[in-house]
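1. Predicted coordinates and the sequence they were generated for:
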Amino acid sequence: MKWIAGVDIGNSTTEVCIGVISEKGSLQFVSSNQTTTTGTKGTQENTIGVIGALEKALHSSRKRVEDLDVILLNEAAPVIGDTAMETITETIITESTMIGHNPSTPGGIGLGTGKIIFIEDLDSVMNQDPYIIVASKMYSYEVIADKVNKARNKINITGVILQADEGVLVYNRLERKLPIIDEVGYIEKIPRGVMASVEVAPPGQSIQTLSNPYGIASLFQLTPEETQRIVPIAKSLVGNRSAVVIKTPKGEVKEKKIDAGFLYIHGPNHSVEANVDDGAEKIMVKLEEVKEIKDIEGQQGTNVGNMLNKMKETLATLTEQRVEQIYIQDLLAVDTTVPVEIQGGIAGETCMEKAVGIAAMVKTHKLPMMRVAEKLQKMTGVHTKIAGVEAVMAVLGAITTPGTKLPIAILDLGGGSTDAALLNENGMVQSIHLAGAGQLVTLLISEELGLKDLYLAEAIKKYPLAKVESLFHIRMENGEIRFYDEPLHPKYYGRVVVMAEEMIPIEGDASMEKIFQIRRESKKKVFIRNAIRALKKIAPKQEVRTIPNVVLVGGSALDFEIPEMILQELSHYKIVSGRGNIRQQEGPRNAVATGLLMHYVGG
Amino acid sequence: MKWIAGVDIGNSTTEVCIGVISEKGSLQFVSSNQTTTTGTKGTQENTIGVIGALEKALHSSRKRVEDLDVILLNEAAPVIGDTAMETITETIITESTMIGHNPSTPGGIGLGTGKIIFIEDLDSVMNQDPYIIVASKMYSYEVIADKVNKARNKINITGVILQADEGVLVYNRLERKLPIIDEVGYIEKIPRGVMASVEVAPPGQSIQTLSNPYGIASLFQLTPEETQRIVPIAKSLVGNRSAVVIKTPKGEVKEKKIDAGFLYIHGPNHSVEANVDDGAEKIMVKLEEVKEIKDIEGQQGTNVGNMLNKMKETLATLTEQRVEQIYIQDLLAVDTTVPVEIQGGIAGETCMEKAVGIAAMVKTHKLPMMRVAEKLQKMTGVHTKIAGVEAVMAVLGAITTPGTKLPIAILDLGGGSTDAALLNENGMVQSIHLAGAGQLVTLLISEELGLKDLYLAEAIKKYPLAKVESLFHIRMENGEIRFYDEPLHPKYYGRVVVMAEEMIPIEGDASMEKIFQIRRESKKKVFIRNAIRALKKIAPKQEVRTIPNVVLVGGSALDFEIPEMILQELSHYKIVSGRGNIRQQEGPRNAVATGLLMHYVGG
Amino acid sequence: MEYRKPMIHIAVYNPEKELLEEITAGIEEEGCLYEIAYNEDKDVFDLGWNAAHNSLLGAGIAVKGYHALFQCVHMKKNTPVFLINTKEKKEFRLLGSNAARYVKKIPFKAR
Amino acid sequence: MEYRKPMIHIAVYNPEKELLEEITAGIEEEGCLYEIAYNEDKDVFDLGWNAAHNSLLGAGIAVKGYHALFQCVHMKKNTPVFLINTKEKKEFRLLGSNAARYVKKIPFKAR
Ligand SMILES: Nc1ncnc2c1ncn2[C@@H]1O[C@H](COP(=O)(O)OP(=O)(O)O)[C@@H](O)[C@H]1O
Ligand SMILES: Nc1ncnc2c1ncn2[C@@H]1O[C@H](COP(=O)(O)OP(=O)(O)O)[C@@H](O)[C@H]1O
Ligand SMILES: [Mg+2]
Ligand SMILES: [Mg+2]
């Protein structure tokens, strides 16, 4: 009898598997365990995690690490990934044309157009022009209502703009009704005497005039050229319950493309360049043109240049190499939109700007796994050896999933990279590492929701959502209701929450359906694209259809919906795919560690 | 002074406009009106509607129809459209492998696998195999719970399948807990002695094992070939709260492609064929290959053949022509999915089948508008003449929208067709008629939601949604709450409703977000595609960007979101677009009637 | 001073036991809680009105002999949400289900 | 026997008029209805408890002098949803807003 252990040190997770080999040489699996990888993959700090996991795995057999006969380490794939995000559009308001303001409780319904007049100047006018009154929060709602009521006997008032949140209060005190927009923070930025238009839609509906370029043109008698310029304003007001548009002489809203710079993709013989401003789709097409990527650089002095430099520096530090030795081997770009406060707005208006999320993958020099093995042997006294290439071991392990046959492919859905390997009937293995996996999904969720909180975004990725509908019940994302015996904390009230072990409230206005959609779209953007990219690269003649089954392994294969998304997609190619079930019991975990033991016995 | 009237007889709507010409020859618009077109466009029944609309329009001027000096009729575009839908996949269960059953109140949580045994046969077994018990609704929940409790002392029971909706009732009375699926209608179809698996997910979550091919393979020890065959089962269970899978010897779920047939698109010199099974995207690509379509036929004896024949017959009857004279000039195909009950299911399971929605447009011989004019003249005694081509008149009318300049394009978003025309600086007009508009959107909404109710679908298209959250308040689709002083009728309770003039409840399980999404997607599928197709066809050198502004007119331009969707899309091409505002007051209506008067004075 | 639990209140007077059991089975299958209070002889509409107002959920059921109704706090006393006019067991099960569905804010089941 | 209207119930004893007005302004701006009932001298927690239970919406406010709280039927008497400890006007406006936001089932506003 011989006790052996397989150890898989991943970027995020270290997995181990224990087996015994009988006198006759047959292998029996005993137990397994996993822990968070300690230190950077390939460094000596890894040993702490390994020993911890081994101890836990051996516990049920009442063995100690020293009792092992041999420890088998994976020859780790020398890849490491990083993610970043770059906005490529920027909305700027020149002069104070308000756009997109959407206070929660405006007053009245309708459309009013007129000249801007501040409430303190009301006495100074005597003409018949239509006016829109602006009132600062220094005036109480009673005073404002009173002044407006009195003024209407003399002049023609068509709408009101308030600084305080008192639109309904003023409205309820008007003798004749007017549309009122409130919560306009920086009213001092509104120029006097210019034309403005105020629109409030009926409850549950959205404005119809100020969101139409010809609607604005009709109100302000714009020339065709002026109409052309206000298109971004109209666009940004689509779907709003209320809005103000102010006609300033040179006022304009510009949607500017940020000069994000070029990516240079170097192949063995030639290089290809991609303009980041053109978006992810174009970048990925360019990338496919280069069959064998040697390195990817960003244009120096541009946003993307700085971004890739920073990535390379991080990766150099992590892998203890010089920056010049760091070559980006693959890159995944995804299009996204992120909420950004508009420059020059007067009520904190935000705008959804276009952005590109990027994951890059670096092939470092062979990882110094030898040193890890030596250290481990020293610490435990157990013979430790590097016993198999990660990808090969993963397929070996994966084939213990019931219902699979050769040729078999795995997709290892990790944190930084999506790896794939194909084992054919002749025992040949083809493997590939691609940039982009779980971390990029988390980044996308965080940015698209404007959370700036990766911890919360990670929770949103992993758990279903619910809406807290009262202090004692929630509605889950599939529509089911759940009651609580004790009241929930007020901080949850009316909020969308993540149903992690503990409920986590999500701040902001995003509805459950919006968050739900962003979560699923982010997963699709990263993993569906990478699944297809990866399979194309390992399939004979790039023919994905020739692979009969694909087993999903790795941390992101634990996700409650990613495997099903991949199943839907790959079923178009007549491929069977699903979350792996290593040795019929491990789920998508422990493939490499299991493969190491199988290889040791078989090889 | 001369009183003149412009009359536009459309497929759905008849619009009129009244003007007076002063002694000096200048035109002043007086009033306008509209009504539903009486009879088929181009037939003598139209006159009733025309006279009615004229009377209403003249009312405010205290004039009668006989007082008019001249009536100007449009030379109607001789096009007419029809829509239909064809499913192209079909799911069939051979033998009784249940798929996709999702009762609203299953019992317990977990996964159980075992041999099927009917409750009446419990006493006959004495072995240690795992069993799943099936009970008909003849047994009360007390009896079932009692029998299961007793049986568990002797045999190994892992799950329960019930015919009645009593899953929770039985579950609450079990001594040890088991997953229970209830509401299985046709339990008599379940074969005895075969292996089955029952899975119930925790509240708010969905099943994870039976929706994974390898999960099913693990439970039933399937071979790779068998695993391949159960992929459609796993796929159809994705997202379910609970499920049963039964392993029958030859049991299988097939997703079969229906042989929908070929479309033959005839050009002046050559023909192109498109396989309907390949979906709408491919059909549209093929269609674009033929620059000038002479006719489109469906393969005889196939579904699409029958569908096009039926369309042609309908159109022949409508236009009083022979079927052989009917040539399909354009076709819009859109991909969709529709819920269909699965053949061979045992609990009324449904499946989303792929389908193609098709709108076809026929150019008939010149419409006999002459006869309509004669009839009208006879009935009113007013000189009536055909005074301008529809498309040309529409652009003339559209240019009265503030903020526009030449070259100007209109998109006439109607019921059966999307028409476009471009007027350039030299007064040249280029026009086109494309199949697919408002009616196709309505059809898509009706079919995708499985409503089979075009009236309700039309309402869903036109009005926002809300969810009735209690007997006295609703939540509108934009999240706003609205209270009612008097309680709502129970029929609305918990339902999604359309906020038409009266609230209309929508039956079925679809959530507000689902319906919302289908509504918007259907509009996009039809109108975004057609907007681009149409503009490409009228733009010089197919360069859409050369058109500076596009005015949206017609009934579907009244839609509360279509103009904004088109604005978003066309803004990528730097085109200004929006709902027209004819003569600064008509909105998107009355363009042709207005153009007729302008043409009469100017021409 | 305790939290009141969200329960459907069932006010009964001399209820037909079998039918009451159907009602509670209907509620139970839908996963809701209920409490039964035995009352003095009262009009069945009064029983329903009181039951609804005694329930934290505003949902009450009244059973008097063969008569039963579902009432909620927003309706008038004489026009409860549902009123049963038959002795069919199925109807009573349905009444229970629908009371629970009211609480769960999902559409009522039809006959 | 009338329909009860969905209103926030405000139970007051000797309320500071200005502050009460802030509360009702907060409710009004959010578009909700309220009714004020003048009470005998009672503990402010009792006032709140009664107010909540008198409201069809289960939402009650108590104001006694400078003290105010927002209570709903699901909380214990001594732990209302919000309790004000200052004389700042803004806080009272906020209390009114948040009572209305409770009724509208939207998240509470923070200070
Ligand atoms: N339950 C889960 N659901 C979804 N994603 C998960 C889950 N558990 C881990 N992950 C994701 O898996 C990724 C790490 O995968 P893993 O295979 O452990 O990485 P590595 O191969 O680099 O060691 C992270 O992005 C993490 O968010
Ligand atoms: N308010 C509205 N919102 C959305 N669609 C509308 C509205 N009013 C009419 N429609 C749609 O307009 C179409 C008819 O357009 P119309 O221009 O009247 O037709 P035609 O040009 O054939 O006479 C129908 O499909 C109808 O559903
Ligand atoms: Mg307000
Ligand atoms: Mg049930």
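-> Cool, the structure landed. Numbers count the residues shown, from 1 in each chain, chains lettered A, B, ... in the order given. Ligands and ions are numbered 1, 2, ... in the order given.
2. May I see the buried residues of stretch A:202-219?
-> A:204-219 (16 or more other CB atoms under 10 Å in any protein chain shown). C-beta coordinates here come from the backbone N, C-alpha and C atoms, glycine included.
3. can you pull the pLDDT of the closest residue to residue A:172 other than its chain neighbours?
-> Leaving aside its sequence neighbours, residue A:172 sits nearest to residue D:28 (CB to CB, 6 or more residues apart in numbering or on different chains; 6.5 Å). Looking at residue D:28, its pLDDT reads 95.
4. returning to that earlier point: farthest pair in the buried residues of stretch A:202-219?
-> A:204 and A:217 (27.1 Å; CB to CB).
5. okay, which residue is most central for chain C?
-> residue C:61 (2.0 Å; CA atoms, centre = their mean).
6. and that one, what pLDDT?
-> Reported pLDDT for residue C:61: 97.
7. and it, how far is that from residue A:229?
-> As judged by CB to CB, to the nearest Å, residue C:61 and residue A:229 stand 64 Å apart.
8. same for the host helix or strand of residue A:504, what does it pack against?
-> Residue A:504 belongs to strand A:503-506 when assigned by DSSP states H and E. Contacts defined by 3 or more CB pairs under 8 Å, 6 or more residues apart in numbering or on different chains; DSSP states H and E place strand A:503-506 against helix A:454-462, strand A:465-468, strand A:496-499.
9. List the neighbouring strands of it plus their orientation.
-> Take DSSP bridges as the rule and strand A:503-506 pairs in its sheet with strand A:496-499 (antiparallel).
10. re the thing from before, of all the helices and strands packed on strand A:503-506, which one is nearest residue A:538?
-> Closest among the helices and strands packed on strand A:503-506, using CB to CB: helix A:454-462, at 26.5 Å.
11. Would stretch A:133-140 count as contacting ligand 3?
-> No: contact of stretch A:133-140 with ligand 3 (CB under 5 Å from the ion) is absent, the minimum separation being 11.9 Å.
12. buried stuff in that stretch?
-> Neighbour-count burial for stretch A:133-140 [16+ other CB under 10 Å]: A:133, A:134, A:135, A:137, A:139.
13. gap between the closest residue in space to the last one that isn't next to it in sequence and residue A:126?
-> Spatially, and ignoring its direct neighbours in sequence, residue A:139 is nearest to residue A:119 (6.2 Å; CB to CB, 6+ apart). According to CB to CB, residue A:119 and residue A:126 sit 16 Å apart.
14. which of these two has more neighbours?
-> Under the criterion of other CB atoms under 10 Å in any protein chain shown, the comparison of residue A:119 against residue A:126 puts residue A:119 first, with 19 against 7.
15. Provide a list of residues in contact with the more buried one.
-> A:133, A:134, A:135, A:136, A:139, A:144, A:147 (CB atoms under 8 Å, 6 or more residues apart in numbering or on different chains).
16. what do you get if the cut-off is 6 Å, keeping everything else the same?
-> A:133, A:135, A:147 (CB atoms under 6 Å, 6 or more residues apart in numbering or on different chains).
17. Among these, which one sits closest to residue B:74?
-> Nearest to residue B:74 among the contacts of residue A:119: residue A:133, at 46.5 Å, using CB to CB.
18. mind listing what the strand or helix carrying the closest one pairs with, with the direction of each?
-> Using DSSP H and E, residue A:133 sits within strand A:130-135. Here strand A:130-135 is paired, per DSSP bridges, with strand A:110-118 (parallel), strand A:156-162 (parallel).
19. one step back: phi first, then psi, for the residue nearest to the centre of chain C.
-> phi -120, psi 140 (degrees, to the nearest 10).
20. circling back: list of residues touching the helix or strand that contains the residue nearest to residue A:172?
-> Residue D:28 belongs to helix D:17-29 when assigned by DSSP H and E. Applying CB under 6 Å, 6+ apart, the contact partners of helix D:17-29 are A:105, A:168-169, D:8, D:34, D:63, D:89, D:92-93, D:95-97, D:100.
21. now, which of the residues you listed lie within strands?
-> D:8, D:34, D:63 (DSSP state E).
22. what residues does chain A put near ligand 4?
-> So chain A never meets ligand 4 (CB under 5 Å from the ion).
23. State the distance from the residue of chain A most remote from its centre to ligand 1.
-> Going by CA atoms, centre = their mean, the residue of chain A most distant from its centre is residue A:126, 56.6 Å out. Applying CB to the nearest ligand atom, to the nearest Å, the value for residue A:126 to ligand 1 is 68 Å.
24. what does residue A:80 give?
-> 9 Å.
25. That residue pairs with what?
-> residue A:362.
26. Near residue A:595, how many residues? Count them for me, please.
-> Residue A:595: 32 neighbours (other CB under 10 Å).
27. got the contact list for residue A:273?
-> Counting by CB under 6 Å, 6+ apart, residue A:273 has contacts A:262, A:264.
28. For it, name its beta-bridge partners.
-> Beta-bridge pairing for residue A:273 (DSSP bridges): residue A:264.
29. gap between residue A:600 and chain B?
-> Residue A:600 sits 25 Å away from chain B when distances are taken as CB to the nearest CB, to the nearest Å.
30. That residue - how many residues pack around it?
-> So residue A:600, with other CB under 10 Å, has 19 neighbours.
31. Flag every buried residue along the host helix or strand of it.
-> For residue A:600, the enclosing helix or strand under DSSP H and E is helix A:591-602. Neighbour counts over helix A:591-602 (16+ other CB under 10 Å) mark A:591, A:592, A:593, A:594, A:595, A:596, A:597, A:598, A:599, A:600 as buried.
32. ok, now which ones touch the nearest residue to the fourth one once chain neighbours are set aside?
-> Read that as residue A:594. Ranked by CB to CB, 6+ apart and with sequence neighbours excluded, the top spatial neighbour of residue A:594 is residue A:397, at 3.7 Å. Residues in contact with residue A:397 (CB under 6 Å, 6+ apart) are A:582, A:591, A:594, A:595.
33. Nice, that's everything, thank you.
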